[in-house]
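Participant: build me a model:
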Amino acid sequence: MREIILVKYGEMALKGANRSTFEDVLIRNIRFRLKKLGKFDFSKAQSTIYIVPQEKDDQRYGELLERAMERLRKVFGIAALCRAMTCEKDFADISSRAIPYLREPLTAAKTFKVEAKRADKSFPMKSPQICAELGGIILEAYPHLKVDVNTPDVTVTVEIRDTHAYIHAAREKGAGGLPVGTAGNAMLLLSGGIDSPVAAYMMAKRGVRITAVHFASPPYTSERALDKVHALCEKLTPWCGSMAFYCVPFTEIQEELERSCPEEFFTILMRRLMMEIACRLAKEEQCGAIVTGESLGQVASQTLPAIACTDAVADMPVLRPLIGMDKTEIIEISRKIDTYETSILPFEDCCTVFTPRHPKLRPRLDEVEEIQAEVDFAPLVDKAVAGAEKKVFAQHISEGDV
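Facilitator: Have a look, this model is predicted:
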């Protein structure tokens with residue numbers, strides 16, 4: 001018998017008649033994430049996905065398990081996961097395998113407890129009996145241990161399932177959420193800052209497949225600024241899966257704004273034109289919403305009146321998953337998903353290059369629309385949409401993968 005990976009899901013179990021659809025998408029996403037590592041067998045039963053490497057060499061088998069676990073920790077839809085030893089549904093086999101298999105965690109621990117989950121009710125021993133008898137065998141093998149049923153250092157779990165029993169002692173919390181692709185597609189306005197990558201992560205966690213759009217204004221913004229945004233896309237793919245990315249040339253629009261519009265309205269007009277372009281590209285990608293990294297009151301363009309003026313040009317929902325979060329909370333997540341250090345690299349984006357000295361904090365929609373109507377931006381918007389360059393960022397592959 002060998003170790004396998006057990007993947008558990010939580011929220012998906014409540015999906016009723018649609019549950020099998022969510023399960024199929026999750027398995028498809030897992031297959032994609034593990035494809036470059038090697039060959040695996042997949043099966044599902046009782047809210048659990050079983051993942052077994054197709055590898056005969058023991059050392060290679062263990063390496064595949066560890067690399068697969070690393071990938072699976074970032075797959076949305078997984079509530080918990082663990083490596084587990086497979087046993088026959090026989091208590092003698094369970095107890096004989098548990099002692100050597102759990103040597104490392106039990107040797108390092110001071111306290112433990114045993115939990116049993118008897119999904120197969122035909123198994124002759126009930127859960128309390130399994131816990132008591134296996135606990136006694138463990139105490140005999142590791143006499144330094146004590147039982148603590150409230151806060152043990154190690155929880156030994158025995159699962160009696162349909163075809164086999166499984167033992168594990170290191171269950172990990174998964175990424176949670178819903179499988180990417182189960183909640184439709186959305187277009188993310190991706191700057192080079194801290195917030196928008198976190199917004200992508202938050203929406204992917206709710207099952208949304210992300211496409212990104214970035215606005216570049218050369219020569220005011222450099223090639224290194226664009227490289228930075230590309231790097232952010234690569235950082236996001238382990239969480240979001242493959243992402244389509246659009247880079248929109250925005251220089252002519254910003255120069256026209258600077259020539260023709262009052263400086264204090266520059267930011268809000270720029271945001272409206274970005275939103276208009278993003279909506280047009282979103283329709284091409286069959287997206288049902290726009291996603292931004294805005295947090296209420298963080299900057300001048302994120303006051304309630306400014307947000308209302310921006311949303312007025314959108315012809316689809318605008319989702320702002322960070323709207324009630326403060327900067328400390330956002331930075332904490334950015335560190336978790338490994339985008340923070342890239343986001344703070346000192347390369348300007350188009351929003352910061354053309355920032356007015358005194359932006360309008362509480363713009364009125366009628367006033368903004370009147371100013372925008374005085375300039376014919378339609379040809380420039382058409383040109384920007386036509387000039388958008390598309391690139392696809394695939395799932396990140398680590399060095400050493402085969």
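
Participant: got the residue ranges for the helices in the stretch 101-250 of the chain?
Facilitator: Secondary structure of the stretch 101-250 of the chain (DSSP state H, counting those that start in this stretch): helices at 103-108, 127-141, 195-205, 223-240.

Participant: residue nearest the centroid of this structure?
Facilitator: In the chain, the centroid-proximal residue (Cα atoms, centre = their mean) is residue 239; its distance is 3.5 Å.

Participant: ok, it - contacts?
Facilitator: 74, 76, 175, 200, 201, 204, 205, 337 (Cβ atoms under 8 Å, 6 or more residues apart in numbering). Where C-beta positions appear, they are placed from N, C-alpha and C, glycine not excepted.

Participant: any idea how far it is from residue 321?
Facilitator: 13 Å (Cβ to Cβ, to the nearest Å).

Participant: likewise residue 275?
Facilitator: Counting by Cβ to Cβ, the gap from residue 275 to residue 321 is 17 Å.

Participant: give me the element the closest residue to residue 262 other than its chain neighbours is part of.
Facilitator: Ranked by Cβ to Cβ, 6 or more residues apart in numbering and with sequence neighbours excluded, the top spatial neighbour of residue 262 is residue 371, at 6.6 Å. Per DSSP states H and E, residue 371 falls inside helix 365-373.

Participant: do you know how far the residue nearest to the centre of the chain is from residue 393?
Facilitator: On the measure of Cβ to Cβ, residue 239 and residue 393 end up 12 Å apart.

Participant: tell me the buried residues in the helix holding residue 371?
Facilitator: By neighbour count on 16 or more other Cβ atoms under 10 Å, the buried set for helix 365-373 is 368, 371, 372.

Participant: secondary structure class for residue 255?
Facilitator: State at residue 255, reduced to three classes by DSSP: H, G, I helix; E, B strand; the rest coil: helix.

Participant: from residue 179, how far out is it?
Facilitator: Residue 255 is 43 Å from residue 179, by Cβ to Cβ.

Participant: show me the shaky parts of the chain.
Facilitator: 1, 300, 350-354, 356, 395-402 (pLDDT under 70).

Participant: most tightly packed of the helices of the stretch 101-250 of the chain?
Facilitator: helix 195-205 (a mean of 26; mean count of other Cβ atoms under 10 Å).

Participant: tell me the angle that one makes with helix 223-240.
Facilitator: 20 degrees (axes from the mean of the first three to the mean of the last three Cα atoms, to 10 degrees).
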